[in-house]
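*Asks:* give the three-dimensional model of this entry:
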Amino acid sequence: MVSLLFYLRKYKQDRIGRSTIYVRITIDGKRAEFSTRRKVHPSAWDAAYGKVLGFSQEVRQLNSYLSKIRTDLYLHADKLRGRDQVLTAVSLKESYLGLDRPSKMLLEIFQEHNDRVNELIGKDFVAGTAERYKTAKSHLCEYLRRELRKKDIPVQHVDHAFISGFEYYLKTKRKCSHNTAIKYVVNFKKIIRIAYANGWITKDPFANWKARLKNVEREFLTNEELQQLMDYPFTNERLEHVRDCFVFCCFTGLAYADVKKLTHDDFVVGIDGDLWINTKRTKTKTKSNIPVLPTALMILEKYEHSPLLVDKKVLPVLTNQKMNAYLKEIADLSGINKHLTTHLARHTFATTVTLSNGVSIESVSKMLGHKSLRTTQHYAKILNRKVSEDMQLLKKKLNFQQKVLSKNT
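*Replies:* Numbering: from 1, shown residues only. Sure, this is the predicted structure:
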C-alpha cells in the first residue's frame, strides 16, 4: 500500500521564515522523500491534511499543485504495477521524477546535433558554423577525458560546477582567450538547451551562467597605410591577387565569405546610374546594397577577363586560410605593422573609408548588412577615440607654439 505524507522541514527556513514542502512516500515500511520546490510559512500549514490554510488565489493554486502531485504519484504507482515492476518507495519516486528513464549521454546528444548541422550546410548553416560546433565537441570530449577521466556522462550530470570547470579548462589547458572560451561554452549551451527542451533534464544548469564577452579593439588601416598597401609594387602575382582582393573588401565592406561567392549576378545599376553590389550576407542573411567606389571598380575591371575566374566569379579569391597567410607576408613586405586579416578590410571600410569621410552611421550599417545599429556604433566609438588622440596631439602642438610665441614677445 502506498502512503503519502506532505510535510514541512520547519528547522530549515529562508530569510522570510518560509519552509519547503516535502513529500514522503512510504511503501512496506520503506521511505523515500523529495522536495516539491514550493515554500510556505509554518503558521499557514495544515499538517493534518497536508495543505495550506487560506482562500487566496495563491493558496488555491498551491493546494491544487500539491493535489496534482498526489494524483500523479498514484498514477505512477499503477503504471509500475501494470508493467509488473517492483513497486517500492524509491522506484515510485524515480518514476515520478523521471529518473528511471534511460539516460541520454552528453556527447551522444552533441554528435546528433552536429550531424544535423552538417546536413543543413548551405541551407540553414555555413561550413564555418559546423566546424565551430565540431571543435567545441572536441574540446568537451578532451575535458571529460583529462579532467574527469570519463569517455561520456549522462546529460543529467551537467551542473553549474561542470560548466565553470569547462570554461576554466578552455582558458588554462587549451590556452583559449576569454572571448574564444565563452563562444565554445555558448556552443555547449545550445546542446544543453536541446536536452532541456526534450525533457531529458528537468532543469537548465545554465540558468545562473552568463556569457560576458570582453570588448576587443578592432584594428583597421589608416588612409596612409591603405595607400601604402595599394602603391607597393608586388613582383609575385599571387601576392598581388591577394592584395587586390583585400583592397576590394576595404572599399566595399564585404566579409570574406561574401566576396568569395560574389558573381556578375550580384551587380546592378542603381537609381544613380552607377554600379551597385546587391547581395545577401552569408552570416546574417541580411541584404547589403553597396555602391561600387572607383577603386573597387578599377579592381573589377583589372580581373574582368582573367583566366583565374570560374563560375561567373569576379575576383580570384583563395581560401580564407591561404588569404590570411599571404596577407601576413604582404604586411611584412609593404611595411605595415598590423596583423592583416581578411576581416580587417571590413573594419577599414567602416572606419577609414566611410565614417571618417562623413558617411552617416545609418548608411554604413545598411551597407555592412548589420541587423542592429548598435553593432555599427562600435566603429563610431573607435573613431571618437582616434579623434581624441588627434586632438591631444593638436593641443601639445598649440601649447608648444604658444610657448614659442610668449618667448618672442
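*Asks:* ranges for the helices of the stretch 1-150 of the chain?
*Replies:* 57-82, 89-97, 106-119, 127-147 (DSSP state H, counting those that start in this stretch).
*Asks:* mind listing residues that contact the shortest one?
*Replies:* Residues from elsewhere that reach helix 89-97 (CB atoms under 8 Å, 6 or more residues apart in numbering): 2, 25-27, 30-34, 72-73, 76-77, 79-80, 85, 99-100, 202. C-beta: built from backbone N, CA, C; applies to glycine.
*Asks:* ok, stretch 330-342 next?
*Replies:* 219, 221, 225, 228-229, 232, 234, 239, 242-243, 246, 249, 255-256, 320, 323-324, 327-328, 344.
*Asks:* any buried residues in it, and which?
*Replies:* Under the neighbour-count criterion of 16 or more other CB atoms under 10 Å, stretch 330-342 has 330-331, 333-334, 336, 340-342 buried.
*Asks:* what's residue 106 in contact with, if anything?
*Replies:* By CB under 8 Å, 6+ apart, residue 106 lies in contact with 140, 144, 152-155, 157-158, 191.
*Asks:* which one of the residues you listed is nearest residue 268?
*Replies:* residue 191 (41.9 Å; CB to CB).
*Asks:* so residue 191 sits against residue 110, correct?
*Replies:* Yes. Applying CB atoms under 8 Å as the test, residue 191 and residue 110 come out as touching, 5.0 Å apart.
*Asks:* of the two, who's got more company?
*Replies:* residue 110 (26 against 23; other CB atoms under 10 Å).
*Asks:* related to what we said a few turns ago, just the buried residues from the contacts of helix 89-97, in ChimeraX please.
*Replies:* Per 16+ other CB under 10 Å, the buried members of the contacts of helix 89-97 correspond to this ChimeraX selection:
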select :25,27,32,73,76,77,80
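*Asks:* tell me where the chain has strands.
*Replies:* 2-13, 19-27, 30-40, 45-46, 51-52, 267-269, 275-280, 287-291 (DSSP state E).
*Asks:* which elements pack onto the last one?
*Replies:* Spelled out, it's strand 287-291. If you count contacts as 3 or more CB pairs under 8 Å, 6 or more residues apart in numbering; DSSP states H and E, strand 287-291 packs onto strand 275-280, helix 361-368.
*Asks:* how far off centre is it?
*Replies:* Counting by CA atoms, centre = their mean, to the nearest Å, strand 287-291 is centred 26 Å from the centre of its parent chain.
*Asks:* give me the contacts around that strand.
*Replies:* 252-254, 258, 270, 272, 274-281, 366-369.
*Asks:* and the fourth one, by the same measure?
*Replies:* In this structure, residues lying in contact with strand 45-46 by CB under 8 Å, 6+ apart are 8, 19, 21, 52-53.
*Asks:* and if you look at the third one?
*Replies:* With contact meaning CB under 8 Å, 6+ apart, strand 30-40 is reached by 6, 8, 14, 18-25, 52, 62, 65-66, 69, 88-90, 92-93, 96-97.
*Asks:* correct me if wrong: residue 219 contacts residue 343.
*Replies:* No. At 9.7 Å, residue 219 does not count as touching residue 343 under the criterion of CB under 8 Å.
*Asks:* shaky segments in the stretch 151-300 of the chain?
*Replies:* Where the stretch 151-300 of the chain drops to pLDDT under 70, the residues are 216-217.
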